[in-house]
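Engineer: Everything below, folded, please.
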Amino acid sequence: REASAEDAVRRSLAAEGACGGQQQGSAAEKRRVLVVARKRPLFEHEAARGEFDALSMSPGVAALHVCHMAPDLKGMFMRHHEFGVGLALGESSTNGQLCASAIVPLLEHVAAGGASTAFMYGQTGSGKTHTMLGQPQEPGVMPEAVEELMAAALRDDDFDYKFGVSYVEIYNEKVKDLLNPDSQADLEVREDAKHGTHIQGAV
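Structural biologist: Below is the predicted model:
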């Protein structure tokens with residue numbers, strides 16, 4: 001649908017104020033797949049160039065605002081594309097909020113004997129590394145997940161826990177073991193009845 005630029009700005013401001021990193025829905029909800037969309041703030045150099053903030057977040061919705069040239073080449077108009085997601089996090093959201101909403105339920109499932117996966121996707125500069133690793137003052141998903149798993153094991157006196165870690169990189173459709181620099185650059189992903197889906201040769 002089409003709307004004016006003024007409408008787009010109003011929607012964007014209202015969405016940021018309504019979202020601002022707040023959680024939508026209960027973290028305890030049982031679901032097989034949760035799609036999370038997280039918006040990063042504009043970089044300083046982007047703001048300095050006057051670049052248009054083309055994305056806004058509202059509860060359960062990520063909205064993309066695209067500016068088009070009118071057919072007569074005398075004006076511009078906006079088109080808005082809305083995408084429904086399970087959790088929409090605005091640019092003021094923190095790694096802690098993301099972990100509490102989307103990662104802790106996965107860890108609870110793992111502690112109960114299940115298997116869980118957190119998959120992050122985004123173009124270069126979209127904030128994947130910040131979300132995964134974070135900073136000392138704001139740890140990312142990986143250190144938070146390890147800390148939560150260790151804490152859960154310490155709280156449970158009924159079982160002994162054994163943890164194993166693999167750390168691999170998938171780049172240009174090649175799998176590399178980052179914990180073993182001497183490993184071959186392209187490991188094979190395999191599946192069998194004994195090991196399930198695994199990366200053969202990874203630590």
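Engineer: Tell me how far the residue lying closest to residue 179 once chain neighbours are set aside lies from residue 115.
Structural biologist: Spatial nearest neighbour of residue 179, chain neighbours left out: residue 203 (4.4 Å); criterion: CB to CB, 6 or more residues apart in numbering. (Each C-beta comes from the backbone N, C-alpha and C, glycine too.) For residue 203, the distance to residue 115 equals 19 Å [CB to CB, to the nearest Å].
Engineer: These two: which has the busier surroundings?
Structural biologist: The neighbour count for residue 203 versus residue 115, taken as other CB atoms under 10 Å, is higher for residue 203 (13 against 9).
Engineer: Near residue 87, how many other residues are there?
Structural biologist: Residue 87, neighbours per other CB under 10 Å, totals 21.
Engineer: where exactly do the strands run in the protein?
Structural biologist: 2-3, 36-38, 55-58, 61-69, 76-84, 87-89, 134-135, 138-139, 168-171, 174-177, 188-192, 196-200 (DSSP state E).
Engineer: where's the residue nearest to residue 179 relative to residue 137, distance?
Structural biologist: Residue 203 sits 30 Å away from residue 137, taking CB to CB as the criterion.
Engineer: All the helices of the protein, residue numbers only.
Structural biologist: For the chain, applying DSSP state H gives helices covering 5-19, 44-48, 95-98, 104-111, 128-132, 141-155.
Engineer: remind me which residues of the chain are low pLDDT?
Structural biologist: Along the chain, the parts satisfying pLDDT under 70 run over 1-31.
Engineer: one more time with 50
Structural biologist: The chain contains residues with pLDDT under 50 at 1-29.
Engineer: which residue is nearest the centroid of it?
Structural biologist: Nearest to the geometric centre of the chain sits residue 120, at 4.9 Å (CA atoms, centre = their mean).
Engineer: Grab the nearest non-local neighbour of it.
Structural biologist: Per CB to CB, 6+ apart, closest to residue 120 is residue 128, 5.1 Å.
Engineer: Just to check, the one you found is in contact with residue 122?
Structural biologist: Yes. Using CB atoms under 8 Å, residue 128 makes contact with residue 122 at a distance of 5.1 Å.
Engineer: These two: which has the busier surroundings?
Structural biologist: Between residue 128 and residue 122, counting by other CB under 10 Å, residue 128 is the more crowded of the two (17 against 13).
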